[in-house]
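**Q** no letters, just coordinates:
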C-alpha cells in the first residue's frame, strides 16, 4: 500500500507538466510503433546533430520529450510529446530491458521498480 502511494506521488509531482508518465504505454503517431516510457525530459535535451538527423518532423524542442523502449525490438528512442498517443490495447511490451525498469503491468501501465524511483 505504501509503495503504490509513493509511486503515485512521484508521478504527480515530477510529471505535472506532461501529458504522459513513466510506465505508460504509447503509440507513435507517425511511425505506428508501440512502446513504454522509461524517462521524461521537460524539453529537448539531445544534441543538435541528433535532432537534425533523427527528428524527421522537427517537433518543437520546448515540449516534453520521452525516452521510450520500443515493442518487439531492442531499440530505445527519444520522442516529442506531440508525436505520441496513449496505447489502449492493454497488451504488454516485448523488450529485453522491460524488467530492468518495471515490476508489473497494470491497467494504467507498468509499475516502476523501487530501485528506479531515485
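**A** Structure's in. What do you need? In this text, all values refer to a predicted model and were calculated from it rather than measured experimentally.

**Q** so where's the longest strand in the protein?
**A** Counting residues, the longest strand found in the chain (DSSP state E) is strand 34-41.

**Q** and the most centrally placed residue in the chain, what pLDDT?
**A** In the chain, the residue lying closest to the centroid (Cα atoms, centre = their mean) is residue 37, at 1.5 Å. Residue 37 is assigned 97 on the pLDDT scale.

**Q** kindly report the same for residue 102.
**A** Here the pLDDT value assigned to residue 102 is 95.

**Q** show me where this structure has its strands.
**A** Applying DSSP E to the chain gives strands spanning 25-28, 34-41, 65-70, 76-80, 84-86, 102-106, 109-112.

**Q** most tightly packed of the ones you listed?
**A** strand 65-70 (a mean of 22; mean count of other Cβ atoms under 10 Å). Where you see a C-beta, it was placed from the backbone N, CA and C, and this is true even at glycine.

**Q** neighbouring strands - and their directions - for that strand?
**A** strand 34-41 (antiparallel), strand 76-80 (antiparallel) (DSSP bridges).

**Q** quick one, that strand and strand 102-106 angle?
**A** 90 degrees (axes from the mean of the first three to the mean of the last three Cα atoms, to 10 degrees).

**Q** picking up where we left off before, and the contacts of the longest strand of the chain?
**A** 14-15, 18, 20-28, 64-71, 76-77, 87, 89, 91, 93, 95, 98, 101-102, 109-110 (Cβ atoms under 8 Å, 6 or more residues apart in numbering).

**Q** ok so, going back, adding distance to residue 50, write the strands of the chain out as JSON lines.
**A** As requested, those are exported to JSON lines (distance: least, Cβ to Cβ, whole Å):
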{"stretch": "strand 25-28", "distance to residue 50": "17"}
{"stretch": "strand 34-41", "distance to residue 50": "13"}
{"stretch": "strand 65-70", "distance to residue 50": "11"}
{"stretch": "strand 76-80", "distance to residue 50": "8"}
{"stretch": "strand 84-86", "distance to residue 50": "18"}
{"stretch": "strand 102-106", "distance to residue 50": "26"}
{"stretch": "strand 109-112", "distance to residue 50": "26"}
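
**Q** identify whichever of those lies nearest to residue 52.
**A** Closest to residue 52 of those is strand 76-80 (Cβ to Cβ; 13.5 Å).
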